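# Pasting a predicted model and its sequence here:
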Amino acid sequence: MSLAPFPVITALFMAALLAALEQLSSRRRLLDVLSLATAMAVAIFDWQLLDASLAGTIVYWFGDWKPMGGFPVGIAFVIDPASAGLALLSALLTLAALLFSWHHFHAVRTYYHTLMLLFLASLQGFALTGDLFNMFVFFELMGVAAYALTGYKIEESGPLEGALNFAVMNSVAGLMVLLGIALLYALTGGLNLAWAGAALSGKPAGTAVSAAFILLAVGFLTKGAVLPFHFWLPDAHSVAPTPASVLFSGIMVQLGLYAVARIYWVVFSTTLDPDLLRQMLLGFGVATALVGGVMACLQRHLKRLLAYSTVSHSGMMLAGMALLDRRALQGTLLYIAGHGLVKGALFIGTGVLVYHHRSVDEKELHGRCRHLRVTGVLFCVAGLALSGLPPFGTWTGKGIIKETASDLGYQFLPPLLSLCSALTAGAVLRAAGGIFFGLGHSDPFSSSAPATGEEGSETGHSRGPTPRIMLVPLGLLLVASLGVGMLPQVQQVADQAAGRFIDRAAYQALVLQGTPLPLPRPAPQARPGVTVSFVTTAAALVVAALFLGPGPLRGRGRESVKVLLRGPVRLLRRVHSGYIGDYVTWFICGTGIMMALAQFWF
């Protein structure tokens with residue numbers, strides 16, 4: 001019996017069961033135990049699928065509806081190491097979020113556990129499916145669960161506004177995906193990824209083909225929070241419950257980028273010009289990384305700061321994928337895992353602040369959290385890991401991406417990635433230094449950034465030390481990120497995952513004919529350098545010190561810098577206005593630019 005459908009089926013069944021128990025039982029601990037057990041079971045299934053997929057890609061046809069004459073009449077899950085690894089990451093982050101919320105929500109409201117398990121089921125199905133329309137269905141299910149979690153505090157205007165922005169932007173993105181699916185179906189007569197790729201193989205990249213790819217890419221890049229489709233993410237993060245934010249930044253954004261890469265390699269890689277596509281995606285990736293890094297430094301609302309950090313790192317991941325190279329893809333997969341675990345730890349650390357002080361305002365919390373020593377140390381470690389400090393997974397992944405970029409002639413990319421890492425990590429370390437250790441002034445350089453939201457309704461009144469069960473997932477996620485960077489077996493799995501991911505011919509032969517091809521040969525193990533990584537970490541400390549310590553940003557020097565940067569900062573904040581009409585306008589502009597580039601180039 002194949003385990004392929006069990007991650008999704010288990011999460012969906014238990015979500016329905018817990019929805020019934022909400023009405024029949026007032027014992028919250030029962031819901032906690034069942035949801036934790038479900039996430040753990042899903043993680044075990046994913047681990048077994050990952051192990052099995054290393055010996056060969058798994059194809060599971062629902063209802064045993066296998067291809068007839070090479071045409072896929074049924075829906076398939078196609079599980080290779082990349083999809084299984086992302087599914088495992090989503091299960092682990094869900095497990096950590098649920099473990100944290102055991103104490104975090106003193107008054108968990110209706111259907112919280114059900115929504116978390118629905119979200120988990122959609123993440124699993126999105127990663128494992130080999131059918132484009134099935135991917136769209138899980139895309140929408142993911143969105144519905146995420147909207148509900150974002151607007152969980154329904155009686156407050158902030159969560160409702162954040163959920164509305166989230167819903168509108170991702171619904172428009174879903175429409176783009178649906179239009180792309182319709183166009184691809186008209187071109188190929190099927191929506192199985194392998195079938196669509198085989199049907200387009202060898203055909204010229206006409207207007208319809210390039211338009212289909214751009215529509216699909218725009219939809220999934222919106223989920224991936226790529227400029228200029230990223231505006232919903234900070235608004236959602238700033239109001240969403242902490243456990244939901246762990247999943248938003250830790251895995252949901254990454255799955256949007258995964259979908260673009262999967263569709264390109266399986267469906268469009270023989271049709272579209274890779275050099276031109278590389279330039280376009282690299283441009284969007286670099287712009288996203290830079291804007292996200294700068295905006296992170298301008299925030300004093302800790303959740304928004306971390307959200308813009310996610311935007312920046314999403315741009316770095318897109319840049320790694322955009323190189324369209326096996327080795328770069330290996331580094332990107334490692335970076336996704338390392339970053340997701342670290343970002344999950346950072347949001348849990350933020351949740352501890354909410355638990356004790358009902359606030360995530362950097363200015364308001366300045367120097368008030370000295371008693372949270374363990375949380376402060378772990379938060380700083382996570383900030384350093386965000387910069388790519390060896391031997392965390394972020395170091396290994398980013399190091400491989402940089403080496404590959406240099407080998408391919410993109411020498412500008414490594415210093416840009418280092419700069420963005422220094423900005424985002426420096427912003428996190430600045431916040432940690434002020435909040436946990438009382439460093440610097442209570443009115444940081446970013447003080448003009450809005451800090452909205454009273455977080456008191458997310459938790460009950462807390463007294464005494466932080467419950468250990470809240471710190472356990474924080475520490476475990478950081479240890480797991482260390483494992484991603486240190487264990488050579490993880491790098492080997494990532495290499496095999498990347499080799500299998502880009503092998504379009506093997507994917508199509510296995511899915512359509514059931515013919516397994518030889519596995520790709522392992523590439524030599526990469527050895528990322530440590531010198532540049534330590535320099536980047538030092539640069540992050542310098543960024544934090546510029547805000548916290550005495551120096552050029554004090555007195556007249558500080559005012560001079562403020563005057564110099566006032567114009568660009570005002571422009572960035574005006575662009576990130578919070579108005580949904582502005583966001584839709586930027587969405588349309590971004591779509592138009594990508595369409596124009598596609599028609600001009602392809």
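Here it is on my side, so go on.

# Let me see the ranges of the helices in the stretch 51-200 of the chain.
Using DSSP state H, counting those that start in this stretch, the helices found in the stretch 51-200 of the chain span residues 81-104, 112-128, 132-150, 157-188, 193-200.

# looking at these, which has the lowest confidence?
Among the helices of the stretch 51-200 of the chain, helix 157-188 has the lowest mean pLDDT, at a mean of 87.

# Any buried residues in it, and which?
159, 161-170, 172-174, 176-181, 183-184, 187-188 (16 or more other C-beta atoms under 10 Å). All C-beta spots, glycine's among them, are computed from the backbone N, C-alpha and C.

# By mean pLDDT, flag the weakest helix or strand of this protein.
helix 555-575 (a mean of 66; mean pLDDT, DSSP states H and E).

# I'd assumed L384 was in contact with T394.
No: judged on C-beta atoms under 8 Å, T394 makes no contact with L384 at a distance of 9.7 Å.

# More neighbours: these two, which one.
Neighbours were counted for T394 and for L384 using other C-beta atoms under 10 Å; T394 has more, 33 against 20.

# can you pull the contacts of that one?
Counting by C-beta atoms under 8 Å, 6 or more residues apart in numbering, T394 touches Y335, G338, H339, V342, A385, L386, S387, G388, S421, S481, G485.

# next one: G376
Contacts of G376 by C-beta under 8 Å, 6+ apart are C369, R370, A432, I435, F436, F437.

# mind running it again at 10 Å?
Contact analysis of G376 by C-beta atoms under 10 Å, 6 or more residues apart in numbering lists G349, V352, L353, C369, R370, A432, G433, I435, F436, F437.

# Would you mind giving both backbone torsions of V73?
When read as degrees, to the nearest 10, the backbone of V73 gives phi -90, psi -10.

# Tell me which of the contacts of T394 fall in helices.
Y335, G338, H339, V342, A385, L386, S421, S481, G485 (DSSP state H).

# Low-confidence ranges, the stretch 151-300 of the chain, go.
Residues of the stretch 151-300 of the chain meeting the criterion pLDDT under 70: 153-158.

# I'd assumed N192 was in contact with L132.
Yes: in terms of C-beta atoms under 10 Å, L132 counts as a neighbour of N192; the distance is 7.5 Å.

# picking up where we left off before, could you dump the helices of the stretch 51-200 of the chain into CSV and include distance to K398?
Below are the helices of the stretch 51-200 of the chain laid out as CSV (distance: least, C-beta to C-beta, whole Å):
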stretch, distance to K398
helix 81-104, 17
helix 112-128, 22
helix 132-150, 27
helix 157-188, 27
helix 193-200, 29
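
# Using PyMOL, define a selection of the buried residues within the contacts of G376.
Command for PyMOL that selects the buried part of the contacts of G376, burial taken from 16+ other C-beta under 10 Å:
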select buried, resi 349+352+353+369+432+433+435+436+437
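
# who touches both of T394 and L384?
With C-beta under 10 Å, 6+ apart as the test, T394 and L384 both reach V342, A425.

# that older thread, so what does whichever helix or strand comes after the least confident helix or strand of the chain touch, helix or strand wise?
Using DSSP states H and E, the helix or strand that follows helix 555-575 in sequence is helix 580-601. Helix 580-601 makes packing contacts with helix 157-188, helix 207-223, helix 232-239, helix 274-297, helix 555-575 when contacts are defined by 3 or more C-beta pairs under 10 Å, 6 or more residues apart in numbering; DSSP states H and E.

# cutoff 6 Å now
helix 157-188, helix 207-223 (3 or more C-beta pairs under 6 Å, 6 or more residues apart in numbering; DSSP states H and E).

# so how far is the last one off the chain centroid?
In terms of C-alpha atoms, centre = their mean, to the nearest Å, the gap separating the centre of helix 207-223 from the centre of its chain is 19 Å.

# now the angle between helix 274-297 and that helix, please.
Helix 207-223 runs at 20 degrees relative to helix 274-297, counting by axes from the mean of the first three to the mean of the last three C-alpha atoms, to 10 degrees.

# Can you check what angle separates helix 207-223 from helix 580-601?
Using the same axes, to 10 degrees: helix 207-223 against helix 580-601 is 140 degrees.

# got the buried residues for helix 207-223?
209-223.

# Can you name every helix or strand that it contacts?
Against helix 207-223 (3+ C-beta pairs under 6 Å, 6+ apart) you get helix 157-188, helix 253-263, helix 580-601.

# Please name whichever of these is nearest to V542.
helix 253-263 (27.7 Å; C-beta to C-beta).

# Now find how far off-centre the closest one is within its chain.
That offset, for helix 253-263, works out to 10 Å (C-alpha atoms, centre = their mean).

# mind saving the C-alpha coords of it as CSV?
In CSV, the C-alpha atoms belonging to helix 253-263 read as follows (Å, rounded to 0.1, in the frame of the first residue of the first chain):
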residue,chain,number,x,y,z
VAL,A,253,6.0,31.7,0.4
GLN,A,254,8.6,29.1,-0.6
LEU,A,255,6.0,26.9,-2.2
GLY,A,256,5.0,29.7,-4.5
LEU,A,257,8.5,29.8,-5.8
TYR,A,258,8.6,26.0,-6.0
ALA,A,259,5.5,26.0,-8.2
VAL,A,260,7.1,28.4,-10.7
ALA,A,261,10.3,26.3,-10.9
ARG,A,262,8.3,23.0,-11.2
ILE,A,263,6.1,24.3,-14.0
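
# Could you list every helix and strand that that helix packs against?
helix 207-223, helix 302-322.

# what's the closest of the ones you listed to D582?
Once the helices and strands packed on helix 253-263 are compared by C-beta to C-beta, helix 207-223 is nearest, at 15.2 Å.

# and the angle from that closest one to helix 232-239?
20 degrees.

# any residues touching helix 207-223, and which ones?
Identification of contacts with helix 207-223 by C-beta atoms under 6 Å, 6 or more residues apart in numbering yields 173, 176-177, 179-180, 183-184, 187, 229, 256, 259-260, 263, 268, 271, 591, 594-595, 598, 602.

# angle of it against helix 193-200?
Going by the same axes, to 10 degrees, helix 207-223 makes 150 degrees with helix 193-200.

# Buried residues, stretch 10-27. List them.
Judged by neighbour count (16+ other C-beta under 10 Å), stretch 10-27 contains these buried residues: T10, A11, L12, M14, A15, L17, L18, A19, L21, E22.

# Relative to A405, which of the residues you listed is nearest.
For these, the residue nearest A405 by C-beta to C-beta is A11; the value is 37.5 Å.

# Tell me who's in contact with the closest one.
Contacts of A11 by C-beta under 6 Å, 6+ apart are V42, L117, L120, A121.

# So which elements touch the host helix or strand of the first one?
Okay, so that is V42. In this assignment (DSSP H and E), V42 forms part of helix 28-53. Helices and strands touching helix 28-53, by 3+ C-beta pairs under 6 Å, 6+ apart, are helix 6-24, helix 81-104, helix 112-128.

# Nothing else from me, thank you.
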